[in-house]
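Enquirer: This is a predicted model, with the sequence first.
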Amino acid sequence: MKLFTELYTELEQTNKTNEKVEALKFYFKRAAPNDAAWALYFLSGRKPRQIVPSKKLRDWAIELSGIPEWLYEESRDTVGDGSETIALLLPNNATVDETPLHILVEKRLLPLRASDESNQYEEVISTWQKMNYAQRLVYNKMISGSFRVGVSQLLVTRALSQLCGQPTDIIAMRLMGAWEPTAEFYQTVINSEVNEAERPIARPFPFYLAHQIDFPLEKLGNINEWQAEWKWDGIRAQVIKRENQVFVWSRGEDLITERFPEIARAAEFLPNGTVLDGEILPWLDNAVQPFTELQKRIGRKNLSAKLLAEVPVIVQTYDLLEFQDKDLRGETFSQRRKTLEKVVKTLDEPAKNVFRLTESVKADSWEDLQEKREQSRLLKVEGFMLKKLASPYRVGRVRGDWWKWKIDPLTVDAVLLYAQKGTGKRSGLFTDYTFAVWSGGELVPFAKAYSGLTDAEIRKVDRFVRENTKETFGPVRSIVPQLVFELAFEAIQKSNRHKSGVAVRFPRILRWRDDKKIEEADSLETIHALLESLEGNGK
Amino acid sequence: MMEKEKPLIELTKKGLYCEHGDFFIDPWLPVKKAILTHAHADHTYRGNQNYLVPKEGERLSRIRLGDEAKISTSSYGEVQNIKGVKVSFHPAGHVLGSAQVRVEYKGEVWVISGDYKLTPDATCAPFESVRCHKFISEATFGLPIYRWTPTEQIFEQINQWWRHNRECGKAAVIFAYALGKSQRILNGIDRSIGKIFTHGAVERLNDAYRQSKVDLPETKYVGAVKNKKDFIGSLIVATPSSAGSAWLKRFGSHSTAFASGWMVVRGARRRKAVDRGFVLSDHADWTELQTAIRETRAEKVFVTHGFISELVRWLNENGVNAEPLKINYFGDDELEDVLKDEFVEKELQ
């Protein structure tokens, strides 16, 4: 626990990638394999379900620190993080808990979930008393199921790769899918030899992810060296068929085969030793449906026949990672695409309806492509994906060969109506805002947004909020309507659940319109008109 | 109906005012007579006709107020009689020459603390507890999450960070307020580790500290350095406004840190976008506020600056009669320090 806490503190304290990798290497070099396995588990974003509810931790911390509940809440609002608040409020302790990480987790943390409250109380309090501030912070996060640290899987992979001398994609593959944090598993991850048998048939390949293009297209060079594809808004997924078994993985490394039985059935038609990369989309009457439809499929525990009929899905396939048991990722994109076309075209009828080939959009020049991009909104796509024909399939978010080229978002001018203090980097400042637009002479809330302002602007808005609070409801303050912001969002949809009658996707603040008065903000009527024009054109 | 008696000290548009003595304490608009608690920019404004400052802080006040200002001084404990009102300064432990102001009239005693801390600090006289009837306290860190780590431990952390950077061939740039915090760091740092350079605003105040017999290591103004290689492995004490600026480029590869009480909260450090945050404050923490307030045995406590409503409510729930005193319109958070900081830098650059 000592070494792991030091690693956590170290990772928290630097923004520099190299230093993070060094800190990870420092840790993994020294940690015992059974501890390292748990560290890997937490660092790769896995976490045990909440062991003790945060509410209980809070109550015990209040009791131990001898402060009233309201003072805890004030502190919590300022810190912006419950685990951290508790660690700061508990009576000081300078000693360090030397318990190895795996013992702490396996013997003292996990068994707590099943034990009764008085046992939980005894155990948590005695652990707190043994730990210093930094350890308490880590422990609180583990026990409340909120452990998160600022390192990407890519960095962990890189550190382990440098440690054992295996390329990053091998390490990434070993870390994918479901695994148990045991010493044996950790040994296989850092095994310096590659073993064909070590790759279970279910395991997907690490996804290659693209950055949004942030420079003029011309810099990409000759357009003939690139392929443009429509960028679909769905769930990125790999479909695997090996040894007569079928697996569907999402980009979040979730096995989602059971969520999509029609894909699983269609995948049975694929030859053994095939891995497809593509996008799962809700698809009805030969047109893509809004992303929120797809969420219905993910959200429900039971997939009723009715839901399956209401929200059928297809896969827009765009890459082939394995064929005839052979890893194709080293081949060029154009070679892979050729093979993919063959595979998809020769599929039997039911499978053909599910696995579609993503259209390659032909253009003579970048200007021509720019023109074609104008149709994005009509086609209900997010813009283009640009892929270099000569590129291999890479691991993670690597710049250079794949680019997203998204269309500009829809925008609305709205009035700041409510504010709430933020968390993390924004703790203690009012950064979570609710915005309103006009409707019949009244301001109606229609979107929440968090990001998009500079630090200086955040400070200004924060000050404004403090000086212009009308009312306080718990953590939320209602503000004198005075500030106008331009909001951007990716999509807009009718909604019965919202008072405004519309729901927006990915709302964010584009800029502060301090040149505008609140009377100049948009109205709900304009938004509904926008909505209708989009829907009308789409059909 | 009897008219309610006016309090000895009241809050006016220009600042805290004592009518019987006809003087203001730390006024922010021009007045005839200003009594100043210390030389930080949000307590020391130009444009007043006469100033009374603690003798120990005279050099700093002079830098802030300019050669023209009419400044008279009074040593700690020395009693001045101003129109029948007895006024004396008592160490506040905040920065060099900082004082609480004790005001006595017809047996009633008020103490205006200004900013203060109880944590020992070798660069200024230690806080002195003064018994009074009415106590005006700050509450910059008036939440129980703010409890300081012992200073020696913080200096161990800073030394370790500097040493580590030196081993990696990097400069260590620490951001700290030019007045007070910078000199406290210089005084407490392990000077055997390497060379120390300073931002111009810091260096100017260092001279005033040295003249006041505060022990500071040898420092050199960054601008006087010809060979940039000198910065490798050195410590640079810079103003917070230098963070993220092009001024830092000259140091080559470097690590950054910020020294402030706000660094207790991880989010505050991340917001500053520095590599390290060291919890080192000029202000009283939660525990020190309680101690200082109780030791005055005041029958009434007025709270100003910072977490005002929180501290007031806590005191009242714990048997101390307290009420808020809003000194100026910003004031319930870090913003104030940010502004103070920006103000100080603007003035000194």
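Expert: Happy to help now that I have it.
Enquirer: so which strand or helix has residue 142?
Expert: Picking chain A for this. helix A:133-143 (DSSP states H and E).
Enquirer: Tell me the helices and strands packed up against that helix.
Expert: Judged by 3 or more Cβ pairs under 8 Å, 6 or more residues apart in numbering or on different chains; DSSP states H and E, helix A:133-143 is in contact with helix A:2-13, helix A:82-89, helix A:117-130. Bear in mind the C-beta positions are built from the backbone N, C-alpha and C, glycine included.
Enquirer: how does it look with 7 Å?
Expert: Where contact means 3 or more Cβ pairs under 7 Å, 6 or more residues apart in numbering or on different chains; DSSP states H and E, helix A:133-143 is packed against helix A:2-13, helix A:82-89.
Enquirer: Okay, angle between the following helix or strand past it and helix A:2-13 too, please.
Expert: Counting by DSSP H and E, the element after helix A:133-143 in chain order, helix or strand, is helix A:153-164. Interaxial angle, helix A:153-164 versus helix A:2-13 (axes from the mean of the first three to the mean of the last three Cα atoms, to 10 degrees): 130 degrees.
Enquirer: So which residues make contact with helix A:153-164?
Expert: A:17, A:20-21, A:24-25, A:28-29, A:43-44, A:167-168, A:171-172, A:175, A:189-190, A:192, A:396 (Cβ atoms under 7 Å, 6 or more residues apart in numbering or on different chains).
Enquirer: Mind telling me what element the residue in chain B positioned nearest to chain A is part of?
Expert: Minimum separation of chain B from chain A (Cβ to the nearest Cβ) falls at B:Gly267, amounting to 3.2 Å. Using DSSP H and E, B:Gly267 sits within helix B:266-272.
Enquirer: can I get the CA coordinates of that helix in PDB?
Expert: The C-alpha coordinates for helix B:266-272 follow below in PDB (Å, rounded to 0.1, in the frame of the first residue of the first chain):
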ATOM      1  CA  ARG B 266      -5.600  18.700  -5.100                       C
ATOM      2  CA  GLY B 267      -7.900  20.600  -7.500                       C
ATOM      3  CA  ALA B 268      -6.400  23.900  -6.600                       C
ATOM      4  CA  ARG B 269      -2.900  22.600  -7.500                       C
ATOM      5  CA  ARG B 270      -4.200  21.200 -10.800                       C
ATOM      6  CA  ARG B 271      -5.800  24.500 -11.600                       C
ATOM      7  CA  LYS B 272      -2.500  26.200 -11.200                       C
END
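Enquirer: coming back round to it: from the contacts of helix A:153-164, which ones fall inside helices?
Expert: Taking DSSP state H as the definition of helices, the contacts of helix A:153-164 contribute A:17, A:20-21, A:24-25, A:28-29, A:43, A:168, A:171-172, A:175, A:189.
Enquirer: which bits of chain A sit near chain B?
Expert: A:12-14, A:65, A:67-68, A:71, A:74-75, A:78-80, A:84-85, A:88-89, A:92, A:424-428, A:455, A:459, A:462-463, A:466-467 (Cβ under 7 Å from any Cβ of the partner chain).
Enquirer: Pull out the buried members of these.
Expert: The neighbour-count test (16 or more other Cβ atoms under 10 Å in any protein chain shown) applied to the residues of chain A next to chain B identifies A:12-14, A:65, A:67, A:71, A:74-75, A:78-80, A:84-85, A:88-89, A:425-428, A:459, A:462-463, A:466 as buried.
Enquirer: for the chain, where's the lowest mean pLDDT among helices and strands?
Expert: Looking at chain A here, since you left the chain open. Lowest by mean pLDDT, DSSP states H and E among the helices and strands of chain A is helix A:524-538, with a mean of 70.
Enquirer: Which residue ranges of the stretch 151-300 of chain A form helices?
Expert: A:153-164, A:168-175, A:183-189, A:261-267, A:291-299 (DSSP state H, counting those that start in this stretch).
Enquirer: Quickly, which of those helices bottoms out on average pLDDT?
Expert: Of all these, helix A:168-175 carries the lowest average pLDDT, namely a mean of 76.
Enquirer: May I have that one as CSV, with CA atoms only?
Expert: What follows is helix A:168-175 as a C-alpha-only set of coordinates in CSV (Å, rounded to 0.1, in the frame of the first residue of the first chain):
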residue,chain,number,x,y,z
THR,A,168,3.4,-2.2,-26.7
ASP,A,169,0.8,-4.0,-28.9
ILE,A,170,1.7,-7.3,-27.4
ILE,A,171,1.3,-5.9,-23.9
ALA,A,172,-1.9,-4.1,-24.8
MET,A,173,-3.3,-7.4,-26.2
ARG,A,174,-2.4,-9.2,-23.0
LEU,A,175,-4.2,-6.6,-21.0
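Enquirer: other SSEs contacting it?
Expert: Counting by 3+ Cβ pairs under 7 Å, 6+ apart, helix A:168-175 packs on helix A:153-164, helix A:183-189.
Enquirer: Pull out the buried residues from the longest one.
Expert: If I follow you right, that is helix A:153-164. A:Gln153, A:Leu154, A:Leu155, A:Val156, A:Thr157, A:Arg158, A:Ala159, A:Leu160, A:Ser161, A:Gln162, A:Leu163.
Enquirer: what stretches of the stretch 151-300 of chain A score poorly on pLDDT?
Expert: For the stretch 151-300 of chain A, the stretches flagged by pLDDT under 70 are A:169, A:176-177, A:194-200, A:252-254, A:299.
Enquirer: For it, which residue gets nearest to chain B?
Expert: A:Val151 (14.6 Å).
Enquirer: Make sure that residue is actually in contact with A:Glu19.
Expert: No. Applying Cβ atoms under 7 Å, one finds A:Val151 not in contact with A:Glu19, separated by 10.9 Å.
Enquirer: Okay, strands next: where are they in the stretch 101-250 of chain B?
Expert: B:108-112, B:134-139, B:171-175, B:196-198, B:220-221, B:235-238 (DSSP state E, counting those that start in this stretch).
Enquirer: would TSV of those strands with mean neighbour count and distance to A:Val437 be doable?
Expert: Listed next are the strands of the stretch 101-250 of chain B as TSV, based on neighbours: other Cβ atoms under 10 Å in any protein chain shown; distance: least, Cβ to Cβ, whole Å:
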stretch	mean neighbour count	distance to A:Val437
strand B:108-112	21	49
strand B:134-139	25	40
strand B:171-175	26	42
strand B:196-198	23	52
strand B:220-221	14	55
strand B:235-238	26	45
